[in-house]
Structures are given as structure tokens and as C-alpha cells.
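K.L.:
I would like to see how this sequence folds:
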Amino acid sequence: MRSLTFAAVGFLSVLSVSTSALTSGPHQLELDGYIRHSMGVSKSGQEQVSFQAPGAQAKYRFGNEADTYGELAVDYHYLPEGGAEDAMSYQLYFMQSAYQKHGEPGNFTFDNTEQLYLKLNNVLPGGVDLWMGKRYYDRHDIHMLDYYWLNTVQGAEGALGLEGMALWGGEASATLIRTADDVEASDGSTELLYATALDMRLFDVQLSERSRINFWAFFNERHQNEKLHLNAKAGWALGSWLVTDDILYGELLNGLTLRSGAAVQQNHFGGPQPVRTSDDRVYEDNWALEWVNQHTIDVHGDFAVQSVFLYGLADGDVPGKDGSKVSWLSMGSRPMYRLSQYGMASFELGLDHVRDEYKDEEGWLSKTTLAYELKPRFSFYDRPTLRFFATYAHWSDAFVGQVGGETYLADNEGWTLGTQLEHWW
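P.N.:
Sure, this is the predicted structure:
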């Protein structure tokens, strides 16, 4: 067992070595990426499954990701030799991704272009940068849920942005975004529904030595589509998040967003879709309010922990339907304790409550995971890690048949055992 542990740690240590940049004169090339893969079993030896409350935008991910996902990226920089800090330079970034859910057919191939953008640094006076393309731009997530509560650019056809503009002691940015949705028309054909958005942000305005506040404003217009019988529809959103350091030995994030109309986020990766057709819903005069709270103690002695609280309330205003509000309350914590130089015990408890007026259902889902992890370095966010986990979930009778796939179709509880490798670089 000891030899196996050392072998596993040796493998993780090789993975943990940062990719060195290849440099030749003014040219610099780096490789970025992310990978996670799990193997596991559920009841009666069936394929590993995930547990997520119906109506919840996301699930507690620890020991609850029945999939394989990867990202591979090439990051090229041109940096003039001997140039000043404010000299113009440029960056070209290209990323492909691959995804496969356990138990579903298909090949794990990197055939989806997630990012492809060109960035010109210091192109305008004052150190302002200009970029264009597809990009993961300034995404904000609740890590334990893998829930991106602010992520307006991912999935767009393309965007054009300015960033690094000094304003009120912070930095401002403005981004023009173009999105398109595939929507099925009444005759069975697929139509592209377009939208154009403007995203504006003000970052890191210092309130004190330990706290800084950020602001966000967003305007989106869904364009008219006669074949889908949809008129043009506008929407707006406002948000702010406060980050406080050194509070209870860690960092505290509090964020509040309010969205209306075509600016309402419709999936856990962000990005407002101009229309949503799941459950036969076509949102028009909809709105959404969300509060997120995340506290992280990265390392305090031999202890690390992250705790989250989230509340969201959305009104779809579904035509012809009385009562279409959906509320989502989520709270959870993942403490970690170092047992040895490389080994650590981790535990996660997550609770989700959903009340869906449209479906006329309400219930809870609890998910508990106990794991032993091997890491070259002890830290909450440090990767790579190799996990051996046991997960148990229980849900309300109102959710029976909607959680755990076919394996737990008639149950209100379930479990899965497995191992997972996760790494980013």
C-alpha cells in the first residue's frame, strides 16, 4: 500500500510541474489545460451517476461528476525585446474542449472550439487593451457547485472588448457580444435566433485595505424572428460583488445580481439565451434575482474549507400559466484535513431546496461525500489530485423519477463509489 501511495504521488508530482513557456526572442508559447476523469459504480454495479435537484441550476460536484471533461489550449504571446512595460504586444489564444457523460455513446474528442481570440495589449493610451473573438472573459463561479453566476461571453459567437481603462480608482471594461441560439420552429426546422449585448464592468474599487467592490451592467437585445413568431425583446441586468480578505482566516465573496427580460441567465455556465424552450417555456417578461456567498480558507495549519450559500428567485412569466416562479436555495461546505505529507481527508455536505410553481413541485436534495485525496501539495485549490470517494444522496418524494437517472428511477436515495483524477495547468 505504501508503494502504491508513493507511485500515485510520483505520478501526480509529474503532472503538477508547471508547463514551461517556450521562448524565442519576442515569441513566447505556453500550453494550458484542464482534465478530469472518474470511474465508479452505483446500485447493482451500474454506471456511476450524478445527483442533482430538478430545477437547480447546478449540483455539488465533489464525488458527483459522472463524466470526463478536458480542455487543451495554446497561448501565444509576442513581447517586443527590450520594450517598455507600456509597449504594444499581442496574444493569440486557442482552446479546444471535449466532453463525454458516463454511460452515453460517443468518442472523447477535442472537437469543440471554446476559445479563439486575439488580444492587443497597450493598443490605446493609458494601457488599454483590445480583444476580439471567443473567450472565457472574467468568469465568476461558485467552485463547489461549478456554477458560473457571472459568465456572459462563454458560448457566444464572438465578442469585441476593451479592458484596462482606469476609472474611479479601479479598472473598467466594455464588451460587445453576439450570440445565437438553435431554436426549433413549428414546421420542425431549426432557426438561428440572434441577440446582441453590451457588458460593462468596473473592477477592484478599494473600500478598505482588505475589501474591494466590483460593479456590472449588462444590456441584451434578442432580435426579431418572424418564422419563430418572436418579436424583438430587450433585457438588462445589474450586479455587484464584494471581496473581503483576511476574514475568519479566509476570503469572503458576496455577490448580488438582478436580471430582466432577454438578459436572464438560463444555464449554469452563464450566457443569457434569447429564448428558453425546455418544459415548453418561452420566457418574455421574466426576471431573476440571485445572491451568492462563498467563503474560502485555503490553508490554515492542516485545515482548509470552503462554504457556500446561494439563493435565487426567477419568474418566467410563462404565457397562459398562473404561477411560474422558481426558487433555488443552496448551502454546503467542504472541509479538508491533512493526514500526512501527501494524504488528506475531505468531506462535503450540500443541501438544495427547489420550489417550482410551473411544475407544482417542491423538495430537498442532500448530497454527502467522504473522500481520501492524494496531492503533492496541500491546498484547497491545488491540483493535481487523485480522489477515492463514497457519495450518498437523499431526495424528496416529489423528485422521485427525476434524480439519479434510470439507476434510481424509483428511489428517493442513492449512492456511488469511485475514484477521480483532476488537474489544471
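
K.L.:
from residue 193, how far off is the residue most central in space within the chain?
P.N.:
Nearest to the mean C-alpha position of the chain, counting by Cα atoms, centre = their mean, stands residue 148 at 3.7 Å. The span separating residue 148 from residue 193 equals 22 Å under the rule Cβ to Cβ, to the nearest Å. The C-beta positions use only the backbone N, C-alpha and C, and glycine is treated the same way.

K.L.:
residue 123 too?
P.N.:
Using Cβ to Cβ, we find residue 123 at a distance of 33 Å from residue 193.

K.L.:
of these two, who's got more company?
P.N.:
More neighbours surround residue 193 than the other of residue 123 and residue 193, with 19 against 16 (other Cβ atoms under 10 Å).

K.L.:
that one touches residue 222, doesn't it?
P.N.:
Yes. The pair formed by residue 193 and residue 222 meets the contact definition of Cβ atoms under 8 Å, at 6.8 Å.

K.L.:
show me the beta-bridge partners of residue 219.
P.N.:
Going by DSSP bridges, residue 219 is paired in beta bridges with residue 198, residue 236.

K.L.:
quick one: residue 99 is in a strand?
P.N.:
Yes. Assigned with DSSP: H, G, I helix; E, B strand; the rest coil, residue 99 falls within a strand.

K.L.:
need the contact list for it.
P.N.:
Contact criterion Cβ atoms under 8 Å, 6 or more residues apart in numbering gives 67, 68, 69, 70, 108, 112 as the residues in contact with residue 99.

K.L.:
what does the pLDDT read for the spatially closest residue to the third one that is not a sequence neighbour?
P.N.:
When you say that, I think you mean residue 69. Sequence neighbours aside, residue 99 is the residue nearest to residue 69 in space, at 5.1 Å (criterion: Cβ to Cβ, 6 or more residues apart in numbering). Predicted confidence (pLDDT) at residue 99: the value is 94.

K.L.:
and the helix or strand hosting the residue nearest to the centre of the chain, how far out from the chain middle?
P.N.:
Residue 148 is part of strand 147-150, with elements assigned from DSSP states H and E. Using Cα atoms, centre = their mean, to the nearest Å, we find the averaged C-alpha position of strand 147-150 to lie 5 Å away from the chain's own average C-alpha position.

K.L.:
ok, it: who's next to it in the sheet?
P.N.:
On the basis of DSSP bridges, the sheet neighbours of strand 147-150 come out as strand 140-142 (antiparallel).

K.L.:
please name the bridge partners of residue 393.
P.N.:
residue 367, residue 414.

K.L.:
any idea how far residue 80 is from it?
P.N.:
For residue 393, the distance to residue 80 (Cβ to Cβ) stands at 55 Å.

K.L.:
residue 389 now?
P.N.:
Distance, residue 389 to residue 80, using Cβ to Cβ: 49 Å.

K.L.:
so the two - more neighbours on which side?
P.N.:
Comparing residue 389 with residue 80 by neighbour count (other Cβ under 10 Å), the higher total belongs to residue 389, at 21 against 11.

K.L.:
thought that one was touching residue 419?
P.N.:
Yes. Shown here, residue 389 and residue 419 form a contact pair, counting by Cβ under 8 Å, at 7.2 Å.

K.L.:
now do the shared contacts for the two.
P.N.:
With contacts defined as Cβ under 8 Å, 6+ apart, the residues adjacent to both residue 389 and residue 419 are residue 40.

K.L.:
in three-state terms, label the residue in the chain sticking out farthest from the centre for me.
P.N.:
The outermost residue of the chain, judged by C-alpha distance from the chain's mean C-alpha position using Cα atoms, centre = their mean, is residue 82 at 38.5 Å. Reduced to three states with three-state DSSP, the structure at residue 82 is coil.

K.L.:
correct me, but residue 410 touches residue 402?
P.N.:
No. Between residue 410 and residue 402 there is no contact, the gap being 11.5 Å when judged by Cβ under 8 Å.

K.L.:
who has more neighbours out of these two?
P.N.:
For residue 410 versus residue 402, the count of surrounding residues by other Cβ under 10 Å is larger for residue 402: 18 against 8.

K.L.:
leaving out chain neighbours, which residue sits closest to the more buried one?
P.N.:
With Cβ to Cβ, 6+ apart as the measure, residue 54 is the residue that lies nearest to residue 402, at 4.4 Å, once sequence neighbours are left out.

K.L.:
okay, and the one you found sits in which element?
P.N.:
For residue 54, there is no helix or strand it lies in under DSSP H and E.

K.L.:
shouldn't residue 235 be in contact with residue 258?
P.N.:
No. Checked against Cβ under 8 Å, the pair residue 235 and residue 258 is beyond contact range at 11.2 Å.

K.L.:
between the two, which is the more surrounded one?
P.N.:
In terms of neighbours (other Cβ under 10 Å), residue 235 is the more surrounded of residue 235 and residue 258; the figures are 22 against 15.

K.L.:
which residue ranges of the protein form helices?
P.N.:
According to DSSP state H, the chain carries its helices in the segments 2-16.

K.L.:
give me the below-cutoff pLDDT ranges for it.
P.N.:
Scanning the chain for pLDDT under 70 picks out 1-20, 83, 267-268, 270-284, 317-322.

K.L.:
next up, the contacts around residue 89.
P.N.:
Residue 89 neighbours (Cβ under 8 Å, 6+ apart): 77, 78, 79, 80, 83, 120, 121, 122.

K.L.:
most widely separated two among the residues you listed?
P.N.:
Taking Cβ to Cβ as the measure, these span a maximum distance of 13.9 Å, between 83 and 120.

K.L.:
that'll do, ta.
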